[in-house]
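Engineer: Just need the structure, nothing else, for what follows:
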Amino acid sequence: MRLRLRSAFTLIELLVVIAIIAVLIGLLLPAVQKVREAAARMKCQNNVKQIALALHNYENATGKLPGVWFEAKAPAAQDFSTWMFEILPYIEQDAVRTQGMTTSNTRSVFAAKSNVLQTFICPADASAPDNTYQESATRIWASNSYPGNVMVLDPAVTRSLVNAMPDGTSNTVVVGHVLKFCDGQAIGWGTSPNLWASHPWNAPGAPTNPGFGWQTYKNLRTTAQLAGSTRGGNTPSNWAYGYTVSGTASGSNAPFTVGQPGDGFCFPSTLTAPHSAMVIGLGDGSGRTVTPSVSVATWYAACVPDDGTPLGNDW
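Structural biologist: Prediction:
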């Protein structure tokens, strides 16, 4: 009796195998997406930690923290900068800083504006795919994901690290998170690029300057401080419009937005992170995440460095 050997799968068997593979792929994809999101969030958190530590190193070298921007009028030249330009040597970007220095050894951050620096870029943010904003045919700006807290990096008052945060460096948010390009047209706002080299003297529009807390700063600081921050008649990112820390994101009770908003639904008056939580850098040089369940009162206390309010249990 001869045995007949099967040489191939039947059509039904093949379809069953294909169906099993499809099911396995369907189960695997969410896990892969979660791993990618976790990796992007860790990279983002590492970025803000590097930036916060760079501020420490800058303060160790100069005895003070940089202001969100700096401007000094000299007889022969203008000397203007942003805090992110000032910390470039402390994130191994000396060449970019050199590019922004003039022959008279004054700062001209505008000359370095097109350099895309990965330490300033959130890898999960798809709002500006090439990490730039083209203002015109001859003006291309590099994007930024991490604005500084204007109430700590005060452009009007020079302070040391400790004096800038009387409530404690570990209790104060120094670096926040925004989208590289915030499109709020669908909810009645315009479009706002976020740029690391944008200075009031040459900014393409508010609130492009690399800071947050403008409106809160305006509400808390004295008239003299506001005048000292207005540098040559240029209002800093429009005090009444820029990022605040005391309001809530559109359509929620959270003090910031998490997740990638749909086209036209970016709320430009609050910070936004394309993760499941807000990524921040603290004054002690650490990086962490904050969930959207945090109360506005706790978030406000963490962002205002000198109000004397203890952080809530939800921190």
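
Engineer: all strands of this protein, in order?
Structural biologist: In the chain, the segments counted as strands under DSSP state E are 69-73, 78-82, 132-136, 139-142, 148-149, 173-175, 181-183, 191-193, 211-212, 257-258, 272-273, 278-282, 287-290.

Engineer: winner for burial among those?
Structural biologist: Among the strands of the chain, ranked by average contacts under mean count of other C-beta atoms under 10 Å, first place goes to strand 211-212 (a mean of 31). Using the backbone N, CA and C atoms, a C-beta is placed for each residue, glycine as well.

Engineer: Partner strands of that one and their direction?
Structural biologist: strand 148-149 (parallel) (DSSP bridges).

Engineer: Would you mind checking the average pLDDT for the strand it pairs with?
Structural biologist: In this model, strand 148-149 carries a mean pLDDT of 92.

Engineer: Kindly report the same for stretch 289-299.
Structural biologist: Averaging pLDDT along stretch 289-299 gives 90.

Engineer: ok, now which ones touch the closest residue to residue 46 other than its chain neighbours?
Structural biologist: Distances taken as C-beta to C-beta, 6 or more residues apart in numbering put residue 287 closest to residue 46, at 6.7 Å, once the chain neighbours are dropped. Residue 287 sits next to 45, 46, 47, 48, 49, 52, 279, 280, 281 when contact means C-beta atoms under 8 Å, 6 or more residues apart in numbering.

Engineer: now residue 143
Structural biologist: Listed by C-beta under 8 Å, 6+ apart, the contact partners of residue 143 are 116, 120-121, 128, 131-133, 180-181, 193-196.

Engineer: At which residues are the helices of this structure located?
Structural biologist: Applying DSSP state H to the chain gives helices spanning 11-62, 83-86, 94-99, 161-164, 214-220, 223-228, 296-303.

Engineer: how far is stretch 297-315 from where the chain is centred?
Structural biologist: Here stretch 297-315 is found 20 Å from its chain centre; the criterion is C-alpha atoms, centre = their mean, to the nearest Å.

Engineer: Pull up the distance across it, start to finish.
Structural biologist: End-to-end distance of stretch 297-315: 10 Å, with C-alpha to C-alpha, to the nearest Å as the criterion.

Engineer: That stretch: which residues count as buried?
Structural biologist: Neighbour-count burial for stretch 297-315, counted by 16 or more other C-beta atoms under 10 Å, picks out 298, 299, 300, 301, 302, 303, 304, 305, 311.

Engineer: Farthest-apart pair in those, please.
Structural biologist: The largest separation in the buried residues of stretch 297-315, counting by C-beta to C-beta, is between 298 and 305 at 14.4 Å.

Engineer: wait, which of the buried residues of stretch 297-315 is closest to residue 175?
Structural biologist: Of all those, residue 303 has the smallest distance to residue 175: 11.0 Å, by C-beta to C-beta.

Engineer: Helix or strand with the lowest mean pLDDT in this structure?
Structural biologist: Among the helical and strand segments of the chain, the one scoring lowest on mean pLDDT, DSSP states H and E is helix 223-228, with a mean of 61.

Engineer: Could you list the low-pLDDT ranges of this protein?
Structural biologist: For the chain, the stretches with pLDDT under 70 are 1-9, 31-36, 71-79, 103-106, 200-208, 222-254.

Engineer: Centroid-nearest residue for it?
Structural biologist: The residue lying closest to the centre of the chain (C-alpha atoms, centre = their mean) is residue 146, at 1.9 Å.

Engineer: That one against residue 48, yeah?
Structural biologist: Yes. Contact criterion C-beta atoms under 8 Å: residue 146 and residue 48 qualify, at 5.8 Å.

Engineer: what residues do those two have in common as contacts?
Structural biologist: With contacts defined as C-beta under 8 Å, 6+ apart, the residues adjacent to both residue 146 and residue 48 are 175, 177, 281.
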